[in-house]
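Q: based on what follows, work out the 3D shape:
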Amino acid sequence: MVKPVADGKGFKLGLFSANCSSGLAVTKIPERWSGSWEDNLRLAGLADEVGIDFLLPIARWIGYGGETNFHEGVLDPTTLAAALLARTKRITVFTTVHTAFNHPVVVAKQLATADLVGSGRAGINIVAGWNEPEYRALGADLPAEHDARYALAQEWWDVVRRIWTENGRFDHEGRFFRLEGVEGMPKPHDGPLPVLNAGSSKQGRGFAARNADVAFTIVGGPEDGAGIVRSVRAEAEREHGRQVGVFTLGHVVCRPTRAEAEEYLRYYADEQADWAAVDNLMRLQGLHAQSFTPEMLETFRARFAAGHGSCPLIGTPDEVADGIAAFHEAGFAGMTLSFVDYAGELGYFAQEVLPRLEARGIRAPAG
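A: Residues are numbered from 1 along each chain as shown. Below is the predicted model:
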């Protein structure tokens, strides 16, 4: 069964990293997003009401330092997903799972349970791992080669999917897991969960082409993104006979005038940016991830402060709608959004930007 978030109908919009203190804004402003349970519950209710398609919380275990220790407080995404699914009606809630730190038999049970809580509205974002300090914090070693990380992720996912789709017991003898007498009941609500794979390296995009319903990848903008979309789709079709959608990510500052939007951007992402945390984050990305090219890392410092390196959607409602439309025209199936104050800014975005996207036929009106 194709789940709504991956059905290819309309341009999907989700909210990214709201379970983290500061969200994606690496800023020192006192009013930065708390990431608390109360704020996430309030945000989920609003997002459900206005027609946002999905929530995508991330997994994080230690902060990035700097004056704010960016991402110091992060709610566990799997527990949070189950809680939010119990309190919402239509929205999909993904959980982010790092394959190196979570046993596949345990995760299969956890996410089947969350999917039953939400009557089929849970999803999984599979991460093969990149953040070396977190490996050290968990007493593990980060494989130097991306190929090794994704070999583990592939075997991990093969086990999870088998638990969700097979009845009875089975044994598994692999490179990373040796399992005897595995069984998994209950199953998810109506088949395996929709799979999102957040990988921008060659290996990550290859993993998504083979396994994911949606590849979630960082791009410079719609222009270079169009080529990436074509490449991911072509690989999935050519190598695996599959159709895969592609999402990217952006950060939003939407105000009645361009001047107001730019003034606020300058305030939180320049004058009050936590530059020490920005530089630490960029250093880690450059050393341990392939999500950003060296050229992107060199030129994107301001983007990291404003939204963790995501694409800027800055300006009036018309300009923000134009920016989202450009990603749609480039072939993307959807994108995630972040705000400095998710709950405080989403209402204006929903009131002003969503109707503009609906008028263009990019999105259907919320049902």
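Q: just give me the residue right at the centre of the protein.
A: The centroid of the chain falls nearest to residue 56 when counting by CA atoms, centre = their mean (4.9 Å).
Q: and it, how far is that from residue 230?
A: Counting by CB to CB, to the nearest Å, the separation of residue 56 from residue 230 is 24 Å. Every residue, glycine included, has its C-beta placed from N, CA and C.
Q: and the helix or strand hosting residue 281, which residues are buried?
A: For residue 281, the host element (DSSP states H and E) is helix 275-288. Across helix 275-288, burial judged by 16 or more other CB atoms under 10 Å covers 276-282, 284-286, 288.
Q: do stretch 333-343 as well
A: 333-343.
Q: now it: mean pLDDT?
A: Averaged across stretch 333-343, pLDDT comes to 98.
Q: any idea how far that stretch is from the middle of the chain?
A: Here stretch 333-343 is found 10 Å from its chain centre; the criterion is CA atoms, centre = their mean, to the nearest Å.
Q: same question for stretch 258-276.
A: With CA atoms, centre = their mean, you get 24 Å for stretch 258-276.
Q: cool, and stretch 341-355?
A: 19 Å.
Q: next SSE after the helix or strand of the chain with the lowest mean pLDDT?
A: In the chain, no helix or strand scores lower on mean pLDDT, DSSP states H and E than helix 294-299, which sits at a mean of 68. Remark: after helix 294-299, the chain's next helix or strand is helix 301-307, criterion DSSP H and E.
Q: name the residues that touch that next one?
A: 24-27, 249-251, 253, 265, 268-270, 273-275, 278-279, 281-282, 309-312, 338 (CB atoms under 8 Å, 6 or more residues apart in numbering).
Q: could you do stretch 125-132 as well?
A: 56, 58-59, 94-101, 135, 142, 146, 149-150, 152-153, 156-157, 195-199, 203-204, 207, 211-212, 216, 284-285, 287-289, 291.
Q: from the residues you listed, which land in strands?
A: Per DSSP state E, strands hold the following members of the contacts of stretch 125-132: 56, 94-98, 195-198, 216.
Q: neighbour-wise, which of those leads?
A: With neighbours taken as other CB atoms under 10 Å, the top of the ones in strands among the contacts of stretch 125-132 is residue 94, carrying 30 neighbours.
Q: any idea how far it lies from residue 212?
A: Counting by CB to CB - residue 94 and residue 212 are separated by 12 Å.
Q: related to what we said a few turns ago, what is the nearest of the buried residues of stretch 333-343 to residue 221?
A: residue 335 (11.6 Å; CB to CB).
Q: any idea which element the closest one lies in?
A: strand 334-338.
Q: ok, that strand: who's next to it in the sheet?
A: With DSSP bridges as the test, strand 334-338 is paired with strand 12-16 (parallel), strand 245-254 (parallel).
Q: can you list the ones you listed in CSV and add distance to residue 111 and mean pLDDT?
A: CSV is the format used below for those (distance: least, CB to CB, whole Å; pLDDT from 0 to 100):
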stretch, distance to residue 111, mean pLDDT
strand 12-16, 18, 98
strand 245-254, 20, 97
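Q: now these as TSV including distance to residue 89?
A: As requested, the strands paired with strand 334-338 are exported to TSV (distance: least, CB to CB, whole Å):
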stretch	distance to residue 89
strand 12-16	16
strand 245-254	23
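Q: can you put these in a markdown table and add distance to residue 175 and mean neighbour count?
A: Below are the strands paired with strand 334-338 laid out as a markdown table (distance: least, CB to CB, whole Å; neighbours: other CB atoms under 10 Å):
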| stretch | distance to residue 175 | mean neighbour count |
| --- | --- | --- |
| strand 12-16 | 32 | 26 |
| strand 245-254 | 29 | 25 |
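Q: which of those sits closest to residue 366?
A: strand 12-16 (10.8 Å).
Q: export the helix or strand that the closest one is followed by as PDB, just CAs?
A: Sequence order places helix 37-50 as the next helix or strand after strand 12-16, per DSSP H and E. What follows is helix 37-50, C-alpha atoms only, in PDB (Å, rounded to 0.1, in the frame of the first residue of the first chain):
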ATOM      1  CA  TRP A  37       7.500  18.500  24.500                       C
ATOM      2  CA  GLU A  38       4.900  21.200  25.100                       C
ATOM      3  CA  ASP A  39       6.000  23.200  22.100                       C
ATOM      4  CA  ASN A  40       6.200  20.100  19.900                       C
ATOM      5  CA  LEU A  41       2.700  19.100  20.900                       C
ATOM      6  CA  ARG A  42       1.400  22.600  20.100                       C
ATOM      7  CA  LEU A  43       3.200  22.600  16.800                       C
ATOM      8  CA  ALA A  44       1.900  19.100  15.800                       C
ATOM      9  CA  GLY A  45      -1.700  20.100  16.500                       C
ATOM     10  CA  LEU A  46      -1.300  23.300  14.400                       C
ATOM     11  CA  ALA A  47       0.500  21.400  11.500                       C
ATOM     12  CA  ASP A  48      -2.200  18.700  11.500                       C
ATOM     13  CA  GLU A  49      -4.900  21.400  11.400                       C
ATOM     14  CA  VAL A  50      -3.500  23.500   8.500                       C
END
